[in-house]
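1. model the following, please.
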Amino acid sequence: MPASGWLAAPNGLITGGTLAILADIAFGCSVESELAGGTPYTTAELSLSFLRPARPGGPLTAGGQAIHVGRSVGLSEAFVIEHETERLIAHGTSRLTIFPPLDPLPEPPSELEPFQPPDHAEPDPYLRPAPDGVIPQEVWAELPGAEIVRRQIAGELPPPPIHHLTGLRPVEIGEGKATVVMPCTEWLASPTGRLQGGAIAMLADFAMLIAVETTTAAGVAFAGLDLKANFLRPVPPDGSYLTARAEIVHAGRTIAITRATVTNSEGKPVVLATGSSIYLPGRPAALGELELSGRENAAQ
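-> Numbers count the residues shown, from 1 in each chain. Below is the predicted model of the structure:
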């Protein structure tokens, strides 16, 4: 997956949740490679640990491998690598639900028409110059996180580039709480015609990070350490909105534990997620060179 500038959050980094889009494909394809034809499957749960910040630049690569493929359950793991440096930036596992094979199995087409990409006047969005939505370091140094988010909601600070790519945006915050919405567009659909699980996990992760941001003082950076998402029901790309409501359930001096529920337009839950983040006083918002799994990050 290209680490496009369109994927950047307000601090200029690519959030760990966005890596779930790439990892979810590796999880699924590694299990699919061992399934017989006509055997449907879906992601039931994914878990990711983030080791280093992901930055716009060269491509990111996810290598997936199936650990177990049974009649009803598949287990897989994936390694997300920064391609140019070959550094590991995330690792995760996933549990997939495998359904009974289609019966009867549809007849395959006698031949397939060669794929013809659509002829647009402009290249695909991620190939266009990314919009300027990264908040300067002097703003992070001057304002507490809650005020930055309030000004983004009010339109006084620009939305991040990922908003322009996905439509994702915060709509309400409180102390340690955040509500974020994202439209269910076909741009986020998987080959099955449903919203890709990693994209929904990204929404949950974004909401949890903003919940943490509302508790940061000026000059205090923060970063996600892990993400776990359980998928409850499929989401069609019907143009409606998904809503992620996140809150901090525990915050220490160093670590904050969060949870989020993503609901569809009918108010039904589609994803339950949990995560943890680290507070980094004195660090720039873009973090600099930092290993999130290092000893300095022990919980306090």
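
2. distance of the nearest residue to Pro2 once chain neighbours are set aside relative to Glu82?
-> Distances taken as C-beta to C-beta, 6 or more residues apart in numbering place Pro59 nearest to Pro2, at 5.3 Å, with adjacent residues excluded. Yep, even glycine has a C-beta here, placed from its N, CA and C like the rest. According to C-beta to C-beta, to the nearest Å, Pro59 stands 9 Å off from Glu82.

3. please say which of those two ends up with more neighbours.
-> Legend: neighbour count by other C-beta atoms under 10 Å for Pro59 and Glu82, higher for Glu82 (20 against 13).

4. which one is that one nearest to, not counting chain neighbours?
-> Spatial nearest neighbour of Glu82, excluding adjacent residues (C-beta to C-beta, 6+ apart): Ile89 at 5.3 Å.

5. the one you found contacts Ile81, correct?
-> Yes: between Ile89 and Ile81 there is a contact at 7.0 Å, judged by C-beta atoms under 8 Å.

6. need the residues touching each of these two.
-> Shared contacts of Ile89 and Ile81, defined by C-beta atoms under 8 Å, 6 or more residues apart in numbering, comprise Leu60.

7. who has more neighbours, these two?
-> Shown here are Ile89 and Ile81; by other C-beta under 10 Å, Ile89 has more neighbours (21 against 17).

8. so for that one, what's the pLDDT?
-> On the pLDDT scale, Ile89 is placed at 96.

9. is it fair to say it lies in a strand?
-> Yes: secondary structure assignment (DSSP: H, G, I helix; E, B strand; the rest coil) places Ile89 inside a strand.

10. list the contacts for the closest residue to Glu172 other than its chain neighbours?
-> Using C-beta to C-beta, 6+ apart and skipping residues adjacent in sequence, the residue nearest Glu172 is Thr179, 4.2 Å away. Applying C-beta under 8 Å, 6+ apart to Thr179 gives the contacts Pro170, Val171, Glu172, Ile173, Ala207, Thr243, Ala244, Arg245, Ala246.

11. buried subset of those?
-> Taking 16 or more other C-beta atoms under 10 Å as the criterion, what is buried in the contacts of Thr179 is Pro170, Ile173, Ala207, Thr243, Ala244, Arg245, Ala246.
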